[in-house]
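A.B. asks: below is the sequence, then the predicted model.
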Amino acid sequence: MRNLPPGLRRALALALLGVALGGVVLVAWAPWRWIAYQEARLAELEARMAELRERIAEREQLLAERRLLEAALADETLFVRAATPALAAAELQGVLSGVIRAHGGELLTVQVLEPTEAPPFVEIGLRLTLRSRLESLVGLLHGIESNRPLLLVRSLQLVVGEPTARGTGPPLETVIEVVAMGLRA
C-alpha cells in the first residue's frame with residue numbers, strides 16, 4: 001500500500017471507509033427491517049385471529065340453532081304425519097273441524113291447497129270458510145295457533161253478516177288459510 005501513489009491511497013482509504021460504514025449501516029438496518037417485517041406480519045396475524053374469533057362465535061351460534069332445529073325435528077307432535085300430502089290434508093281437516101266445532105263455529109267449505117315443497121318440509125294447506133261469532137273466532141284462532149301439530153294462519157278474511165235480533169253481534173263469515181308442516185317421507 002506504501003507503493004501506491006497518494007491519490008490512489010486516499011481513494012482506496014475512502015473506499016475502505018465507505019465499505020466499513022456501509023457494513024455498519026447494513027448491520028443496523030437489517031435488524032430494523034426484520035423488526036418492521038415481523039411487526040407487519042404480527043398485525044396481519046392479529047387481524048386474522050380476530051376474524052377467526054368472529055367466525056368461531058358465528059359457528060357456535062349456528063351450532064346452537066342447529067341443535068334447536070334438531071330438537072324441534074325430534075318433537076314429532078309439531079308436524080303432520082301421513083304417508084301422502086292428501087292424507088295429511090285429510091288429517092288436518094279433521095283436526096280443524098274439531099277445533100271449529102269446539103269453539104262454536106260452523107264449517108261451510110274446505111278447499112285443499114296444493115302442497116308446497118319447503119325442504120325438509122312439505123307445506124300442507126287448507127282454505128276454510130266458516131261462520132262464527134267474534135268471540136268464537138278469537139277462541140278458534142287461539143285453538144289453531146296453540147294446536148299440535150303446529151298450524152299457521154297464512155291469511156284471514158272476514159265478512160260481517162246481517163245482525164241478529166238476539167242482541168248478539170252479527171255472525172262473521174271467515175275465510176282462513178291454514179298451513180301445517182309435514183316432514184317429507
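C.D. replies: That came through fine. Numbering: from 1, shown residues only.
A.B. asks: show me what the helix or strand harbouring Glu54 is packed against.
C.D. replies: Take DSSP states H and E as the rule and Glu54 turns out to sit in helix 6-74. Applying 3 or more CB pairs under 8 Å, 6 or more residues apart in numbering; DSSP states H and E, we find helix 6-74 packed against no helix or strand. In short, each C-beta sits where N, CA and C put it, glycine included.
A.B. asks: helix or strand next in line after it, which one?
C.D. replies: Toward the C-terminus from helix 6-74 - assigned by DSSP H and E - lies helix 85-102.
A.B. asks: from what I can see Ala82 touches Ala88, true?
C.D. replies: Yes: when contacts are counted by CB atoms under 8 Å, Ala82 is listed as touching Ala88 (3.8 Å).
A.B. asks: overlap in contacts, these two.
C.D. replies: Gly182 (CB atoms under 8 Å, 6 or more residues apart in numbering).
A.B. asks: the two: which is more packed in?
C.D. replies: Using other CB atoms under 10 Å as the criterion, Ala82 and Ala88 rank with Ala88 on top: 23 against 18.
A.B. asks: what residues are up against that one?
C.D. replies: Contact analysis of Ala88 by CB under 8 Å, 6+ apart lists Val80, Arg81, Ala82, Pro115, Val122, Ile124, Ala180, Gly182.
A.B. asks: partner strands of the least confident helix or strand in the chain by mean pLDDT, parallel or antiparallel?
C.D. replies: None of the helices or strands of the chain scores lower by mean pLDDT, DSSP states H and E than strand 116-118, at a mean of 84. Applying DSSP bridges, strand 116-118 is found paired with strand 121-132 (antiparallel).
A.B. asks: what mean pLDDT does the strand it pairs with have?
C.D. replies: For strand 121-132, the mean pLDDT works out to 89.
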